[in-house]
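Chemist: here's a sequence, model it:
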Amino acid sequence: MLERAAFVALLLMIAAAPHSIAATQGAWLFGMLMWVIRCFIQPRPEFLITPLGYALFGLFAWTAVSAFLSYEPLVSLNKLRGTAVFLIFLFAINTLRNRRAVHLAA
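Modeler: Predicted structure coming up:
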């Protein structure tokens with residue numbers, strides 16, 4: 001049920017993207033919550049990371065280090081939320097499991 005809820009949230013996020021930032025972010029956060037909860041329940045799903053995912057993690061890590069070492073860390077850390085949007089990529093790639101789901105999302 002958690003995987004289905006995450007998939008429905010992904011579809012809602014895709015449908016709301018051109019119309020409402022708030023609805024898109026709400027659907028994304030709900031879907032990520034369902035996905036994270038699912039990762040703690042046995043049997044655990046396979047976590048897929050592509051080479052692009054590794055590059056995005058590297059970018060995020062470098063940005064986080066830069067935020068901690070900046071002149072105003074509180075301001076920089078607050079802006080780090082915008083950099084975390086790359087999680088949409090990981091959420092989508094791990095939620096869309098087959099071609100039929102990809103076609104439906106497209």
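Chemist: can you list the low-confidence ranges for this protein?
Modeler: Nowhere does the chain drop to pLDDT under 70.
Chemist: so what does the residue of it positioned farthest from its centre have for phi and psi?
Modeler: Here the centre of the chain is the reference, and by Cα atoms, centre = their mean the most remote residue is Y71, at 28.8 Å. Main-chain dihedrals, Y71, degrees, to the nearest 10: phi -70, psi -40.
Chemist: and it, what does it touch?
Modeler: Taking Cβ atoms under 8 Å, 6 or more residues apart in numbering, we find Y71 in contact with no residue. From N, CA and C alone the C-beta is placed, and that goes for glycine too.
Chemist: contact partners of stretch 50-64?
Modeler: For stretch 50-64, contacts defined as Cβ under 8 Å, 6+ apart pick out I49, L80, T83, A84, F86, F89, L90, I93.
Chemist: now intersect those residues with the helices, please.
Modeler: With helices defined by DSSP state H, the entries of these inside them are L80, T83, F89, L90, I93.
Chemist: list buried residues within these.
Modeler: When these are checked for burial by 16 or more other Cβ atoms under 10 Å, the buried set is T83, L90.
Chemist: for the contacts of stretch 50-64, work out which two are farthest apart.
Modeler: For the contacts of stretch 50-64, the maximum inter-member distance is 22.0 Å, found between L80 and I93 (Cβ to Cβ).
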